[in-house]
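Visitor: fold the following, please.
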Amino acid sequence: MSYYTKAKFFTSAPDIRHLKNDTGIEVAFAGRSNAGKSSALNTLTRQRNLARTSKTPGRTQLINVFELEEDLRLVDLPGYGFAKVPVAMKKKWQASLGEYLQKRKSLKGLVVLMDIRHPFKDLDQDLIHWAVASNIPVLALLTKADKLKSGKRKAQLLMAREAAMAFMGDVTVQTFSSLNKHGLPELEHILNTWFGLDKKDNEDGTDSEAL
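Guide: Okay, here's the model as predicted:
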């Protein structure tokens, strides 16, 4: 059984001033509002409704924290980019996101989720550049991999990995699908490393895409 099934809702906050003590280890999930962030978290934790999903992108307005155990947390950050919301509200979300990324000391890893068909848009690149500058490891998770056939998926992954080299930092690229759980073992393996957990259920340690 996956360690991440232990995840339970801990708190929601509009900004970091309303979060609990800045201790332990947090791994944050961030992405454009239509990148499938909530679905990925639900797939990771094997819980259908841990992170709320919506047919309307951009409904995640708060910083949502899920606890694995004391001082180990997953963080669902407000989506950015696409949301059809008033400009003032969008700016407020963006400010909360930026503040968390810049000031949260317990942040030890960042998963940036991107639709595999549209990777590394401007806001995604800005986020990764900031993380690299702050020495925070990044997993660029190419979601909705089930939308592409195997050959095209592998080509997109190779192209994205080549593009990631330009960031000159600790940036890993992996494909993922919430629908068929493609890439789930690789996601867990990276999170285990960031959380300092013993390796579990990842004995092969291989990529789901052999290149």
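
Visitor: what's the next secondary structure element after the helix or strand bottoming out on mean pLDDT in the chain?
Guide: Least confident helix or strand of the chain, by mean pLDDT, DSSP states H and E, is helix 87-103 with a mean of 77. Using DSSP states H and E, the next helix or strand after helix 87-103 towards the C-terminus is strand 107-115.

Visitor: packing partners of that next one?
Guide: In terms of contacts (3 or more Cβ pairs under 8 Å, 6 or more residues apart in numbering; DSSP states H and E), strand 107-115 is packed against strand 25-31, helix 37-45, helix 87-103, helix 122-133, strand 138-143, helix 184-195. For glycine as for every other residue, the C-beta is placed from the backbone atoms N, C-alpha and C.

Visitor: to residue 78, which of the ones you listed lies closest?
Guide: Nearest of these to residue 78, taken as Cβ to Cβ: helix 87-103 at 4.2 Å.

Visitor: what's that closest one packed up against?
Guide: Packing partners of helix 87-103 (3+ Cβ pairs under 8 Å, 6+ apart): strand 25-31, strand 107-115, helix 122-133.

Visitor: now do the least confident helix or strand of the chain: everything it contacts.
Guide: With Cβ atoms under 8 Å, 6 or more residues apart in numbering as the contact definition, helix 87-103 has outside contacts at 14-16, 28, 30, 58, 61-63, 75, 77-80, 83, 85, 107, 110, 127, 130-131, 134.

Visitor: filter these down to just the buried residues.
Guide: Buried by 16 or more other Cβ atoms under 10 Å: 28, 30, 58, 61-63, 75, 77-80, 83, 85, 107, 110, 127, 131, out of the contacts of helix 87-103.

Visitor: any weak-confidence spans in this protein?
Guide: Within the chain, the ranges that satisfy pLDDT under 70 run 1, 53-60, 82-85, 198-211.

Visitor: mind doing that once more with 80?
Guide: Residue ranges of the chain with pLDDT under 80: 1, 52-61, 80-98, 198-211.

Visitor: for stretch 183-195, buried residues please.
Guide: Residues 183, 184, 185, 186, 187, 188, 189, 190, 191, 192, 194, 195 are the ones in stretch 183-195 that count as buried (16+ other Cβ under 10 Å).

Visitor: I'd say the first one and residue 174 touch.
Guide: Right, residue 183. Yes: counting by Cβ atoms under 8 Å, residue 174 is a contact partner of residue 183 at 5.4 Å.

Visitor: and residue 196, its phi and psi?
Guide: Torsion angles at residue 196 (phi, psi; degrees, to the nearest 10) stand at phi 70, psi 30.

Visitor: quick one: it from residue 105, how far?
Guide: Separation of residue 196 from residue 105 (Cβ to Cβ, to the nearest Å): 16 Å.

Visitor: ditto for residue 167
Guide: 22 Å.

Visitor: the two: who's more crowded?
Guide: Using other Cβ atoms under 10 Å as the criterion, residue 167 and residue 105 rank with residue 167 on top: 17 against 9.

Visitor: how many neighbours does residue 103 have?
Guide: For residue 103, the neighbour count with other Cβ under 10 Å is 12.

Visitor: contacting residues for the closest residue to residue 105 other than its chain neighbours?
Guide: Closest residue to residue 105 apart from its sequence neighbours, by Cβ to Cβ, 6 or more residues apart in numbering: residue 22 at 5.0 Å. Taking Cβ under 8 Å, 6+ apart, we find residue 22 in contact with 16, 104, 105, 106.
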